[in-house]
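Student: Provided below for reference: sequence and predicted model.
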Amino acid sequence: MKTDQIVELVQTKIYSIRGKKVMLEADIAEVYGVETKRKITVSETIPGEIYIRRD
């Protein structure tokens, strides 16, 4: 997948809930090409910024 396609895919998977930008776990798994049964760790490192790690 080309970079432009990845950016477009991610942008379509970002939702605004109560003023926060969020992605569903299933959508993150799709972007990374893993199944949702695999653990995805998301932590907030800086207020408003997130870090995603696949285990």
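Tutor: It's in. Numbering: from 1, shown residues only.
Student: looks to me like I6 is in a helix.
Tutor: Yes - checked against DSSP: H, G, I helix; E, B strand; the rest coil, I6 lies within a helix.
Student: that one: how many residues sit nearby?
Tutor: Neighbour count of I6, defined by other CB atoms under 10 Å: 11. Glycine gets a C-beta too; all of them are placed from N, C-alpha and C.
Student: do I28 as well
Tutor: Here the number of neighbours of I28 (other CB under 10 Å) works out to 17.
Student: again with T36
Tutor: Neighbours of T36 (other CB under 10 Å): 13.
Student: same question, Y15
Tutor: Y15 has 11 neighbours, counted by other CB under 10 Å.
Student: got the contact list for it?
Tutor: Contact analysis of Y15 by CB atoms under 8 Å, 6 or more residues apart in numbering lists 21-24.
Student: so can I have TSV of the residues you listed showing distance to K13?
Tutor: Output for the contacts of Y15, formatted as TSV (distance: CB to CB, whole Å):
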residue	distance to K13
K21	10
V22	10
M23	5
L24	7
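Student: and those residues, which of them are in strands?
Tutor: 21-22 (DSSP state E).
Student: what subset of the contacts of Y15 is buried?
Tutor: The neighbour count (16 or more other CB atoms under 10 Å) marks M23 as buried among the contacts of Y15.
Student: out of the contacts of Y15, flag the one nearest to V10.
Tutor: Distance to V10 across the contacts of Y15 (CB to CB) is lowest for M23, with 7.8 Å.
Student: contacting residues for A26?
Tutor: The neighbours of A26, taking CB under 8 Å, 6+ apart as the test, are T36.
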